[in-house]
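1. Here's a sequence, model it:
(chains A and B)
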Amino acid sequence: MFKLISSSLNYNFLGQKKIAIVISAFLIIVSLASFMTKGLNWGIDFSSGYIVQLKFEKEVNISEIRSAFEENGITDSVMQSFGSNNEIIIKLKEESNFNKDSVNIFLVDALSETHPFEILKLEFVGAQIGDELREKGEWAMLVALLSILVYIGFRFELLFGVGAIIALIHDVIITLGFFSLFQIEFDLSVLSAILAVIGYSLNDTIVVYDRIRENINIVKTDSYEYILNISINQTLTRTLITSLTTMFVLISLYVLGGSAVEYFALAMMIGILVGTYSSIFVASTSLYFLGANAEHRKDL
Amino acid sequence: MSSYPRWKYILVVLVLIISIIYSLPNLYSSYPALEVNKNNKIDIYQVINIIDPNIKVENVIQENNKFIFKFSSSKKQLDAYNKISFSNIETNYTLTNYINLPDWLKSINAYPMFLGLDLKGGVHFLLQVDKDNIKTNLLREIEDDVKDILIEKKLRYNSFYKTEEKVVVNFDIDKPVDEIVKTINEAVPDVVISKMISDKDISFEIIPSEDLISRDIASSLAKNLTILRSRVDELGVAQPILQKQGKDRIIVQLPGLQDSTRAKGILGSTATLEFRLTKGTPEDWYASKVSGTPVINSSVLYKQRDESPILLSRKVIVGGADIKGANSGFDSSTNTPAVFVNLSDYGASRMLETTSKNTGSRMAVIFVEKNKKEVINVAVIREAFSKSFQITGLDINEATDLAILLRSGALSAPMEIIEERTVGPSLGESNILAGKNSIYFGLFLVGLFMLIYYRLFGFIANIALIANIVIITAVLSIFQATLTLSGIAGIVLTVGMAVDANVLIFERIREEIMNGNSPNASIYAGYQKAFSTISDANITTLIAAIALLTIGTGAVKGFAITLVIGILSSMFTSIVGTRALVSLIYERKNNKGLSI
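-> A predicted model of the protein is given here:
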C-alpha cells in the first residue's frame, strides 16, 4: 500500500490552534487592509468600458499604436502587449470620445492602413450592467452562504453550520485579499472561481465534520479536543489527496487553458490552498470555540 | 455470482451505451461553410462568381435543397459571406459550420454540443429599450389628449406646456379643481396628477404613472423582439439567439460573425424613409428668414448627401408606416444600386394622388434615422405612380441594409446597446484547443496519480473518470446546453473533484482492511460508510452551484451548468459505476487481498 501519510499518525492539530489563529488573523488583517487601501481591481465586467484584443499582421510597437490613437483623439487608452509581439490588449473608457456605435470604425480609421489587424476579441460593458453584475454577484455569494448554513444546520447542528460558515468566510476573504493585494483583475470568471471555492472548501469541511459526528458516537472519551483531533487525522489523507488532484487540473488549466481562464485557475488555486488549510485548522478550531463540546454530543 | 444487484449492472451499461452514442457527434470535425438555398433562379456558377474566384472554395456539396460551400478558413468564409450579402442574389444563405454527420446519428437527434460564442466566435449584444424615449412619447400623447379634453369641456386654462419631465396646465383659482382632475383622469387614466396652489392660480403637473411606463416598455419590447427577429433572419447566420432578458432587454447572439459594425447598424437602427415634395428654393428660404416675412413657412430646410441645402414641403406624402415591402437590386437601365419599394394600399393611393397632381414637380426621398434626416435622392416626377417604384442614390451596401430595415418595419421604441462582446473565429478555435488540452492533461495527471496510489482501484477510478467525461459530454449534447470556456473550466474542476468520492471510498476500504476485516466486508463497509459523507459534500457543492446559476449571466452560468451536471454524473460513476467494476473483479473469486 502506497501511502501519503502513515495510518498511525495522530498529530495534535488542535494543539496548534494558537499558531493557526495568529496565521489566520494575520492573513485576514492584511486582506482587509488591502481592501480598504487598494480595493479590488475590477475588470470591465464589473466596471464599464471597452476591451479590445487585436492581432496585427506584423509585430507592432505599443507606442506606435498609442500615437495612432492619439492622432485620432483618444488619449485615455491603456495598452499592453499580450502573448506574442503582434497581439495587444487595449482598454478604453466608456466615455471615450468616439461614437459608441462605432468603435470598430474608429479602429479601422486609426489603424487599418498603417497596421493591418484582426479583431480577436471586443467587449463593451455599459456602466449599469457593471453595477448590476456586481450586485448579482454579491447576492449569489450571500444566497450560497445562507443556503449552505441552512443545509448543514439541518444535517448536523446549527453550530456546525456556523463553524463551516466561519471557515468559508475566512477562505473567501483571504482569496479576495490576494486579488486585492496583487491587484489582479477581478472579472466574472474570478467570481465563479470564488463561488466554486465556497463549494469546494465546504466539501472539505463537511468531510471532517461527518467524521466528527461519527466519532462522537463511537469513541469513548470526554475530551472533545481528542475527538476533533482524531477526526482530522483520519480524514487528512483524503483532504490532501483531493486537494492535490484538484490542484493538478488547475495547474493544467492555468498553464494550458489560455488567457480567458487564467484568473479563474489562479483564484481557484489560492482558494484551494486556503480551503485545505482552513478545513484542517479553522473549521475544527471554530467548532471547539463555539462550544459544540462534549456536553452536546448526545444531540449530534 | 456477484452479490451486487443485476439491475445496477444493467443501468450502468445502459447509461454508458447511450452516453457514448450521444457524445459521438462531437468527434466529427466541422468546416467553415456557407449554405445557399437552391431555387430555379440561381445556379452554382453564379454563386461562385459572386463569391469571387480569389476566395477559394474548397468543396461544394449538394444536400437536400442546398448548396454547401466549404472553405479552408473562417476568414475566407467571412469574405465570401460579405460578398454574397451585398449581391443581388435572389435566395437565402446561411453562415454556418458544416459537419458531415452520418444519417443514423441525425435520425436519433444526436448533434454535437452547442458551443458558446467564446468557442465558436461571433458577436453578442444586449439591447435595452430607451426608457426616456418611451416617457417622451407618452408625455406627447398625454399632452394631446389633455389639451383636447380641456378644450372639449371648455375648461379654459391660462397656460399649457410640456417639459422633458411633465405636462403643466395652469388655471385661475376660481376654476372647479375636482372637476378638472376628474376630466383629466377620464381622458388619460394612467397618470399621476399633482396640484400646486397659489393665491390666484392653480397648476396641475401631469406625469405618466410608473405602471403605464412599464406596460409601454413591455409592449414595445415584444414588438421590437419580432422586428429584430426578422432583421436577424435576414443576416443569414446559423443558430442565432434572440431572447428577452428581464423587463426591458433583448439578447442577440450572432455566431460566426466577426465585424459587429454592420450587425449593430442593422439591429439598433430605427431607419425609415419619407417622401416629400420640394417647395421653393433654399434661396427663397434664406430670403424669407432675412426679411422676416413668412413667404414659404410651410417648408423645411434639409441637407442632401453632398451637403447642399434643399427646401422641402412640411407635408409627408408617405412615411415609414406605409411601406409594406422592399428589396434591393439594381436599376435595369442605369445599373446603379436601387431599393424597390412597395407601399400599403393607403400609401399607394396617397402617392397616386400626389404624383398625378404634381407631374413635373420634384419629389425627395428622405432617409430618417433617430433625429437625423438626410435627403438621399431628388427626382422629377415624370408620370404618376402608386404602389411600387424604385429609389436610387445609395450605394449597394446601403441599399441592401435599407431594404432589410424597411422589410422588418421600424422599431417601436429605440434600443440602446448596453453590452457587446465579439470573439473572432480564430480566438474561438484557439480557446477550444486550449480547453481540450487542459482537460486531457489534467485527466492524465490525475489518472497517473490515482494509478500509482491506488493501483487496481485507481485504475477503476480512472475508468469511472473517463465515463464521467463521456456522460457530461452526452448530457450537454442531448440538451444542447451552451458550452462556454468557463463551462470547460467547470468540467476540468469536476475531474478534480470526481475522484474525491473514490478517494473517500478507497480510504475507508483501507481503514477497514487495517482493522482486520475481510476484503469483501471491507469493500462493503467502505462504500457504505463513505456514502453519507459523499452525498453531504456533493449536495453542499450543488447548493453553491445552484446559487451560481441564479446569477444568470453568461460566463458564470456556463460554469455552473457543467458543474451541476458534473456533480450528478460523478456521483453516479464514482459510486454506482466503480462499485459495479469492483464487484465484478473481486466478488467472483475467493480473493485473498485487494490491490488498493
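2. count of residues packed around residue 251?
-> In the absence of a named chain, this looks at chain A. 16 (other Cβ atoms under 10 Å in any protein chain shown). Where C-beta positions appear, they are placed from N, C-alpha and C, glycine not excepted.
3. please go with chain B instead
-> Neighbours around B:Ile251, by other Cβ under 10 Å: 16.
4. What are the boundaries of the strands in chain A?
-> For chain A, the strands defined by DSSP state E occupy A:41-42, A:49-56, A:78-81, A:87-92, A:117-125, A:185-186.
5. Give me the contacts around the fourth one.
-> The set of residues that contact strand A:87-92 without belonging to it, under Cβ atoms under 8 Å, 6 or more residues apart in numbering or on different chains, is A:44, A:49-56, A:60, A:62, A:65, A:69, A:74, A:76-82, A:103, A:120.
6. Quick check: longest helix in chain B by residues?
-> helix B:425-479 (DSSP state H).
7. Give me the angle between that helix and strand A:49-56.
-> Relative orientation of helix B:425-479 and strand A:49-56, computed by axes from the mean of the first three to the mean of the last three Cα atoms, to 10 degrees: 110 degrees.
8. if you look at helix B:425-479, does any of it touch chain A?
-> Yes - Helix B:425-479 comes into contact with chain A (Cβ under 8 Å from any Cβ of the partner chain), by way of B:426-427, B:430-431, B:434-435, B:437-439, B:441-443, B:445-446, B:449-450, B:452-453, B:455.
9. State the distance from the residue sitting nearest the centre point of chain B to A:Leu158.
-> For chain B, the residue sitting closest to the mean C-alpha position, by Cα atoms, centre = their mean, is B:Val252 at 1.7 Å. Going from B:Val252 to A:Leu158 by Cβ to Cβ, to the nearest Å gives 47 Å.
10. swap in B:Leu433?
-> For B:Leu433, the distance to A:Leu158 (Cβ to Cβ) stands at 49 Å.
11. Contact partners for the spatially closest residue to B:Asp233 that is not a sequence neighbour?
-> Nearest residue to B:Asp233, sequence neighbours excluded (Cβ to Cβ, 6 or more residues apart in numbering or on different chains): B:Pro240, at 7.7 Å. Contact partners of B:Pro240, counting by Cβ under 8 Å, 6+ apart, are B:232-233, B:252-255.
12. let's see it at 7 Å
-> Residues near B:Pro240 by Cβ atoms under 7 Å, 6 or more residues apart in numbering or on different chains: B:232, B:253-254.
13. For the stretch 151-300 of chain B, just list every one of the helices.
-> Taking DSSP state H, counting those that start in this stretch to define them, one finds helices in the stretch 151-300 of chain B at B:177-187, B:210-235, B:260-268, B:282-291.
14. excluding its backbone neighbours, what's nearest A:Glu262?
-> A:Tyr254 (6.3 Å).
15. and the one you found, what does it touch?
-> A:262, A:265-266, A:269.
16. do you know how far A:Ile89 is from A:Glu123?
-> Applying Cβ to Cβ to A:Ile89 and A:Glu123 gives a distance of 10 Å.
17. who touches both of the two?
-> Joint contacts of A:Ile89 and A:Glu123 (Cβ under 7 Å, 6+ apart) are A:Ile51.
18. Give me the pLDDT value at residue 40.
-> All of this is about chain A. pLDDT recorded at A:Leu40 is 90.
19. Switch to chain B, please.
-> As summarised for this prediction, B:Asn40 has a pLDDT of 79.
20. May I have the secondary structure class of it?
-> Here B:Asn40 is coil, with the state taken from DSSP: H, G, I helix; E, B strand; the rest coil.
21. low pLDDT regions in the stretch 101-250 of chain A?
-> Filtered on pLDDT under 70, the stretch 101-250 of chain A yields the residue ranges A:101.
22. remind me which residues of the stretch 201-350 of chain B are low pLDDT?
-> Ranges of the stretch 201-350 of chain B meeting pLDDT under 70: B:285, B:288-289, B:291-298.
23. Show me what residue of it gets nearest to chain A.
-> Nearest residue of the stretch 201-350 of chain B to chain A, counting by Cβ to the nearest Cβ: B:Thr261, 4.4 Å away.
24. so how many other residues sit close to that residue?
-> As a burial measure, B:Thr261 scores 16 neighbours (other Cβ under 10 Å).
25. That one reaches A:Ile105, doesn't it?
-> Yes - applying Cβ atoms under 7 Å, one finds B:Thr261 in contact with A:Ile105, separated by 6.1 Å.
26. Most tightly packed of the helices of the stretch 151-300 of chain B?
-> helix B:260-268 (a mean of 20; mean count of other Cβ atoms under 10 Å in any protein chain shown).
27. domain ranges for the chain?
-> Answering for chain A, as no chain was given. Per automatic domain parsing, the structural domains of chain A span A:49-125, A:129-299.
28. actually it's chain B I care about, not the one you picked
-> Following automatic domain parsing, chain B resolves into domains at B:6-23+B:424-586, B:30-100, B:132-212, B:270-410.
29. which residues in the stretch 451-596 of chain B form strands?
-> Shown for the stretch 451-596 of chain B, the strands assigned by DSSP state E, counting those that start in this stretch span residues B:482-483.
30. Near B:Ile151, how many other residues are there?
-> Residues within reach of B:Ile151, counting by other Cβ under 10 Å, total 12.
31. ok, now B:Ile21?
-> Under the criterion other Cβ under 10 Å, the count of neighbours that B:Ile21 has is 15.
32. ditto for the one 4 residues further on
-> Residues within reach of B:Pro25, counting by other Cβ under 10 Å, total 20.
33. leaving aside the residues next to it on the chain, what's closest to it?
-> Using Cβ to Cβ, 6+ apart, the closest residue to B:Pro25 is B:Pro112 (4.5 Å).
34. and the one you found, which of the three is it?
-> Under three-state DSSP, B:Pro112 falls in the coil class.
35. was I right about it contacting B:Leu476?
-> No - contact criterion Cβ under 7 Å: B:Pro112 and B:Leu476 do not qualify, at 9.5 Å.
36. give the contact list for residue 281.
-> Unless you meant another one, I'm taking chain A. A:13, A:20 are the contacts of A:Phe281 under Cβ under 7 Å, 6+ apart.
37. The chain in question should be chain B.
-> When contacts are counted by Cβ under 7 Å, 6+ apart, B:Thr281 touches B:Leu311.
38. where's it relative to A:Phe106, distance?
-> Distance, B:Thr281 to A:Phe106, by Cβ to Cβ: 38 Å.
39. cool, and B:Asn59?
-> In terms of Cβ to Cβ, B:Asn59 sits 38 Å off from A:Phe106.
40. re the thing from before, list the contacts for the closest residue to the residue of the stretch 201-350 of chain B closest to chain A other than its chain neighbours?
-> Spatial nearest neighbour of B:Thr261, chain neighbours left out: A:Asn104 (4.4 Å); criterion: Cβ to Cβ, 6+ apart. Residues near A:Asn104 by Cβ under 7 Å, 6+ apart: B:259-261.
41. Mind doing that once more with 10 Å?
-> Residues near A:Asn104 by Cβ atoms under 10 Å, 6 or more residues apart in numbering or on different chains: A:52, A:119, A:122, B:258-262, B:264, B:420, B:422.
42. all strands for the stretch 201-350 of chain B, in order.
-> Along the stretch 201-350 of chain B, the segments classed as strands by DSSP E, counting those that start in this stretch run B:201-208, B:241-245, B:249-255, B:272-277, B:299-303, B:309-313, B:323-330, B:337-343.
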